[in-house]
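Colleague: output the structure for:
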Amino acid sequence: MSSAFSAPVINDVATRQGYDLLFPLSPSIGPVPEGFRPIIEKTWGDKLAPFKFPASFEMGASFDASVDAASKMGWQVKHVDRTSFIIQALDITRWLRFKDDIVIKLSQQDDAVMLNMRSRSRIGKGDLGKNAARIQDYLKHLHEATSPSASKS
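Modeller: Residues are numbered from 1 along each chain as shown. This is a model prediction of the structure:
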């Protein structure tokens, strides 16, 4: 993970297939800017790969786990659409109380449920790596919550 001092000056980050995710409650916000995409790929690469749910998780269980994980991260879940499998949330940073928007979308790809997401700061040109760290933390939490060993504990 890049440190705040070496993070690129961008404020909108997504998993590889999440660049075009839009925010349902903020339709005026377009996709991740084209110029950010190669920076994201070069800086974080596979660390921001889409999340693949275990084979035992069907779409409904995957979606429920995703909503639950967002809540457990302390985010304010603002929108849950069980038809299009989209979640929108808000995270307020601890020290400066900046508001950052998050959108999560699940999709069926072949025999797997895949999760892509995007995290965007509302203000500022750079986020000191916070959006990428947020995505990585969420994906780690989701992995731990859905791993086969999680159901045994």
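
Colleague: please enumerate the strands of the protein.
Modeller: Secondary structure of the chain by DSSP state E: the strands cover 12-14, 51-52, 76-81, 86-92, 99-109, 112-121.

Colleague: most tightly surrounded among those?
Modeller: Mean neighbour count (mean count of other Cβ atoms under 10 Å) peaks for strand 12-14 among those, with a mean of 26. C-beta coordinates here come from the backbone N, C-alpha and C atoms, glycine included.

Colleague: take the strands of the chain and write them to TSV, including mean pLDDT and distance to Leu22.
Modeller: Formatted as TSV, the strands of the chain follow (pLDDT from 0 to 100; distance: least, Cβ to Cβ, whole Å):
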stretch	mean pLDDT	distance to Leu22
strand 12-14	98	11
strand 51-52	98	19
strand 76-81	98	12
strand 86-92	97	9
strand 99-109	97	7
strand 112-121	97	9
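
Colleague: with distance to Glu58 as extra columns, can I get these in CSV?
Modeller: Output for the strands of the chain, formatted as CSV (distance: least, Cβ to Cβ, whole Å):
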stretch, distance to Glu58
strand 12-14, 25
strand 51-52, 13
strand 76-81, 17
strand 86-92, 17
strand 99-109, 9
strand 112-121, 7
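
Colleague: please name whichever of those is nearest to Gly35.
Modeller: When the strands of the chain are compared by Cβ to Cβ, strand 12-14 sits nearest Gly35, at 10.3 Å.
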